[in-house]
Structure formats: C-alpha cells, structure tokens
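Chemist: sequence first, then the predicted structure, then my questions.
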Amino acid sequence: MMNILIVARKEIQEGLRNRWVLATTLLLAALALTLTFLGSAPTGNVGAGALDVVIVSLSSLTIFLVPLIALLISHDAIVGEMERGTMLLLLSYPIGRWQVIMGKFIGHLAILSFATLLGYGAAAASMAATGVPIDTASWTAFASMILSSILLGAVFIAIGYLVSALVAERGTAGGIAIGVWLVCVLIYDMALLGVLVIDQGRTIGGGLLSALLLANPTDAYRLLNLGSESVGALSGMGGVADNAALGPSALIAALLAWTLAPLAAAAMVFARREL
C-alpha cells in the first residue's frame with residue numbers, strides 16, 4: 001500500500017508542477033460559474049428550481065469536458081514514461097507493475113476530484129449566496145452530480161491507461177484518446193439516435209435500449225443525472241429513462257464496471273509488456 005501511495009504522491013506533485021491542477025480547477029470553476037449565472041435565469045418561466053437548471057447545465061458540461069480532461073492526463077501515463085526512460089528507473093525499485101498502475105490512478109483521480117469539487121463547489125456557493133430558496137432534494141441531486149462526475153472521470157482515466165499500455169508512442173496514444181472521446185461523447189449518441197429513429201420501436205425494446213445505453217459510460221452518467229424526476233422533464237431525458245427502466249444502482253454499477261474493467265486490462269497488458 002505504501003508503494004501505491006508513493007506513486008500517487010508523485011503523480012500529484014507532477015500535476016502541481018505542470019499546472020494541471022490549477023488549469024483544470026480554473027477551467028471548471030469558470031465554466032460552472034458562467035453556466036450558474038446564465039443558466040438559472042429562465043427558471044421563472046419553466047417552473048423549475050434554480051439549482052435543478054444548474055444541475056442540467058453542469059451535467060451537460062461534464063459529459064463533454066471531464067472525459068476529455070481525464071484522457072488528456074492519463075493517455076501517456078505509461079507510454080510517456082517509457083519513452084522518457086523514467087518507467088525503467090521506477091521499476092528498478094521494489095514495486096510491482098500493478099502498484100504503478102494503481103498509484104497513478106489514485107493520483108490522477110485525486111487531481112480530477114479536487115478540480116471538480118472546487119470548481120463545481122464554487123458554483124453551488126455562488127448559488128447559495130444569491131439567497132435563492134433551494135430544497136433538500138435539489139442539494140442531494142447536486143451532490144450526486146458531483147460524485148458521479150468524479151466517477152465518470154475515473155472511467156476515462158482507466159480507459160486512458162489501457163490505451164497507454166497498448167500503444168508504443170505518445171502520439172498514437174493521444175490520437176486514440178481523442179478518438180475515444182469523440183466516439184463516446186458525440187458519435188455513439190448520434191448513431192444510436194439515428195438507429196432509434198429508423199427502427200421506430202419495432203425491434204429495439206426496453207431491454208435492448210438499456211443495454212445500448214449502458215454500453216456507453218457517458219450515457220449511463222447522463223441517465224443518472226438527467227433522468228430523475230426532478231430534472232427529467234427539464235433535460236428532456238425523462239422519457240428515455242422511463243423506456244430504459246434503469247435505476248440509479250444499475251447506472252452506478254455500470255460506471256464502476258467501466259472503471260474496473262479497463263483498469264484491470266491495463267494492469268494485465270502492462271504486466272506483460274517489455275520495457
């Protein structure tokens with residue numbers, strides 16, 4: 001365990017030195033504050049709570065931004081150190097390769113968690129400072145959104161490690177990481193929407209729709225945060241959530257599986273890789 005924590009501390013220190021922590025925190029805070037002040041303006045017209053509108057806005061921001069940040073900080077975690085020669089030096093110490101993977105994962109997840117908590121927390125603090133009445137259910141949904149955003153980041157950090165363990169060059173890892181982001185965030189949903197429109201409900205039932213949604217971690221995150229009763233009508237995801245019939249426990253389990261499977265695969269590939 002000590003070896004894992006040492007590697008995690010090393011990753012955090014490198015993140016501080018490379019300004020990753022500062023950059024991601026400022027970016028998330030700036031965008032979150034902008035969406036908070038601009039997005040909560042129409043609540044009087046739509047009859048929704050101010051914080052519910054913010055949850056919809058920040059969840060949409062998370063789907064695009066958090067996976068990209070996670071892939072950027074993780075895609076060269078293995079292949080980058082191998083190219084620089086630091087991985088050989090690190091493994092000359094009494095440390096297992098799986099401990100390197102876990103230490104890096106904890107360090108990168110800590111960086112992303114800090115940026116998310118501080119950035120989105122600033123939005124919540126600004127909303128509370130305005131004196132707008134917010135009920136307990138909205139605060140619970142907001143806290144759930146932050147925690148699930150961190151879990152979504154963990155998914156793509158793990159995917160970034162798998163990419164980094166499979167390729168031989170940093171440039172290739174970067175290209176594949178951008179491709180993964182495009183597929184998960186944009187292309188998959190566009191293709192799924194096209195298939196649903198063409199099918200018109202003839203062959204794709206609730207069970208198959210649920211499986212197709214769980215096959216993409218961003219869709220699981222979207223349903224978890226935008227398919228609930230409080231924000232479902234506002235986000236337009238209420239109907240999809242009803243047809244898919246996926247509860248919060250199933251969606252959280254899917255995100256955990258999407259984290260553990262690539263992480264385990266990355267550890268196995270790295271264990272067999274020659275330096």
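Modeler: Great, that's in hand.
Chemist: in the helix or strand hosting residue 64, what counts as buried?
Modeler: Counting by DSSP states H and E, the element that carries residue 64 is helix 50-74. Along helix 50-74, these residues count as buried under the neighbour rule (16 or more other Cβ atoms under 10 Å): 50-63, 65-74. Just so you know, the C-beta spots here come from the backbone N, C-alpha and C atoms, and that holds for glycine as well.
Chemist: and if you look at stretch 202-222?
Modeler: When neighbours are counted by 16+ other Cβ under 10 Å, the buried residues of stretch 202-222 are found to be 204, 209-210, 212-214, 216-222.
Chemist: filter those residues down to just the ones in helices.
Modeler: For those, the ones inside helices are 209, 210, 212, 213, 214, 217, 218, 219, 220, 221, 222, with DSSP state H as the criterion.
Chemist: let me know the closest of these to residue 3.
Modeler: Nearest to residue 3 among these, counting by Cβ to Cβ, is residue 217 at 29.0 Å.
Chemist: now for that closest one: which residues touch it?
Modeler: Taking Cβ atoms under 8 Å, 6 or more residues apart in numbering as the criterion, residue 217 is in contact with 152, 155, 156, 184, 254, 255, 258.
Chemist: over to residue 71?
Modeler: By Cβ under 8 Å, 6+ apart, the contact list for residue 71 reads 156, 157, 159, 160, 163, 177, 178, 180, 181.
Chemist: shaky segments in the stretch 151-275 of the chain?
Modeler: Low-confidence regions of the stretch 151-275 of the chain, defined by pLDDT under 70, span residues 201, 227-245.
Chemist: contacts for stretch 167-176?
Modeler: Contacts of stretch 167-176 with the rest of the structure, by Cβ under 8 Å, 6+ apart, involve 75, 76, 79, 80, 83, 163, 164.
Chemist: what residues sit buried inside that stretch?
Modeler: Under the neighbour-count criterion of 16+ other Cβ under 10 Å, stretch 167-176 has 167, 170, 173, 174, 176 buried.
Chemist: biggest separation within the residues you listed, which pair?
Modeler: Greatest spacing in those, by Cβ to Cβ: 170 and 176 (10.8 Å).
Chemist: where do the strands sit along the stretch 151-275 of the chain?
Modeler: Taking DSSP state E, counting those that start in this stretch as the criterion, the stretch 151-275 of the chain carries no strands.
Chemist: quick one: the helices in it, in order.
Modeler: Counting by DSSP state H, counting those that start in this stretch, the segments of the stretch 151-275 of the chain that form helices are 170-182, 188-199, 206-214, 217-226, 229-235, 238-244, 248-272.
Chemist: point out the most buried one among these.
Modeler: helix 217-226 (a mean of 24; mean count of other Cβ atoms under 10 Å).
Chemist: hey, which helix is longest across this structure?
Modeler: Under DSSP H, the helix in the chain containing the largest number of residues is helix 97-129.
Chemist: so where's the stretch 1-150 of the chain shaky on pLDDT?
Modeler: Across the stretch 1-150 of the chain, the ranges flagged by pLDDT under 70 are 39-50, 132.
Chemist: now do 80
Modeler: 18-21, 35-53, 127-135, 137-138 (pLDDT under 80).
Chemist: rewinding a little: redo the buried residues of stretch 167-176 as a markdown table? Include distance to residue 147.
Modeler: Output for the buried residues of stretch 167-176, formatted as a markdown table (distance: Cβ to Cβ, whole Å):
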| residue | distance to residue 147 |
| --- | --- |
| 167 | 31 |
| 170 | 32 |
| 173 | 28 |
| 174 | 29 |
| 176 | 28 |
